[in-house]
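In: Prediction below, plus the sequence it came from.
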Amino acid sequence: MTVADVMTYGAVSVTADEPYRELVDLIEMRSVNAVPVVDRFSRVVGVVSATDLLHKIEFAGGADPPRIFENRRHRQNRRKAAGMVAGELMTTPAVTVFQATTVAEAARIMETAGVRRLPVVDDLGRLIGMVTNRDLLKVFLRPDAAVAVAVRSIVDTGVAVEVFHGTVLVTGEVERRSVAEGLTARVAAVDGVVSVENRVVWTVDDIASAMPV
């Protein structure tokens with residue numbers, strides 16, 4: 001399953017000259033925590049998040065004066081606190097994904113970047129929509145029947161597959177131990193699988209026989 005299967009198309013965006021107050025209104029009205037900033041060609045140039053906007057409160061009244069050895073992130077936050085338009089407030093470059101990005105990869109990108117929303121762009125970097133962490137969870141709403149079909153397509157014919165609420169039970173017999181034990185990881189990688197119960201037995205221990213004496 002890819003981002004295209006779970007994303008929201010036609011996401012709201014702003015340009016770099018969008019005023020601070022309008023950004024606050026937009027985030028509140030749309031109940032989102034971030035808004036992509038685009039140029040005149042609809043290419044994503046950054047993202048303004050609620051956190052970016054909150055720096056104005058954090059540094060209000062000149063609190064926490066500049067330090068001699070201020071780190072880069074603190075300087076950036078102070079600069080954003082003085083920002084009045086999206087171009088001065090946004091985080092750039094924006095972390096984005098493509099429609100063809102897998103749901104699993106999008107989840108890893110979110111975790112690494114520490115974000116909950118990602119702009120979805122085309123090959124030219126133009127905004128198509130947005131995908132959120134909640135959107136990615138839709139993969140686990142995949143019908144059991146569809147999960148079962150997908151699992152059966154990757155296991156041996158001697159393996160039976162049952163699925164209940166995303167939990168996959170595989171039973172049967174295969175020749176090699178390595179194949180039997182490898183099923184758990186292979187099945188777990190199928191979209192919509194919550195957990196795997198592997199009861200497949202084997203007849204030939206190719207793992208032990210391959211170990212040096």
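Out: Cool, got the structure.
In: Tell me how this structure divides into domains.
Out: Domain ranges of the chain: 3-138, 142-210, per automatic domain parsing.
In: Serialize those domains to CSV and add fields for mean neighbour count and mean pLDDT.
Out: Bear in mind the C-beta positions are built from the backbone N, C-alpha and C, glycine included. Output for these, formatted as CSV (neighbours: other Cβ atoms under 10 Å; pLDDT from 0 to 100):
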stretch, mean neighbour count, mean pLDDT
domain 3-138, 16, 89
domain 142-210, 15, 94
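In: helix/strand/coil for Val193?
Out: Of the three states, Val193 takes coil according to DSSP: H, G, I helix; E, B strand; the rest coil.
In: how close does it sit to Glu181?
Out: Distance, Val193 to Glu181, by Cβ to Cβ, to the nearest Å: 17 Å.
In: Likewise for Val44?
Out: Relative to Glu181, and taking Cβ to Cβ, Val44 is found at 44 Å.
In: Check Ile207 too.
Out: 8 Å.
In: Using PDB, write out the CA atom coordinates for the helix or strand that contains Leu54.
Out: With secondary structure defined by DSSP states H and E, Leu54 is part of helix 50-58. Extracted C-alpha coordinates of helix 50-58, given in PDB (Å, rounded to 0.1, in the frame of the first residue of the first chain):
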ATOM      1  CA  ALA A  50       1.900  25.300  15.200                       C
ATOM      2  CA  THR A  51       5.200  24.900  16.900                       C
ATOM      3  CA  ASP A  52       6.800  27.400  14.600                       C
ATOM      4  CA  LEU A  53       4.000  29.900  15.500                       C
ATOM      5  CA  LEU A  54       4.400  29.300  19.200                       C
ATOM      6  CA  HIS A  55       7.900  30.700  19.300                       C
ATOM      7  CA  LYS A  56       6.300  34.100  19.300                       C
ATOM      8  CA  ILE A  57       4.800  33.200  22.700                       C
ATOM      9  CA  GLU A  58       8.000  31.500  23.900                       C
END
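In: Which strands and helices lie in contact with that helix?
Out: In this structure, helix 50-58 packs against helix 20-30, helix 72-81, with contacts taken as 3 or more Cβ pairs under 8 Å, 6 or more residues apart in numbering; DSSP states H and E.
In: Just to be sure, Val179 is in a helix?
Out: Yes. Read with three-state DSSP, Val179 is one of the residues of a helix.
In: element containing the nearest residue to Val159 once chain neighbours are set aside?
Out: Nearest residue to Val159, sequence neighbours excluded (Cβ to Cβ, 6 or more residues apart in numbering): Gly172, at 4.2 Å. Using DSSP H and E, Gly172 falls within strand 167-176.
In: in its sheet, what does that strand sit against?
Out: strand 159-164 (antiparallel), strand 195-204 (parallel) (DSSP bridges).
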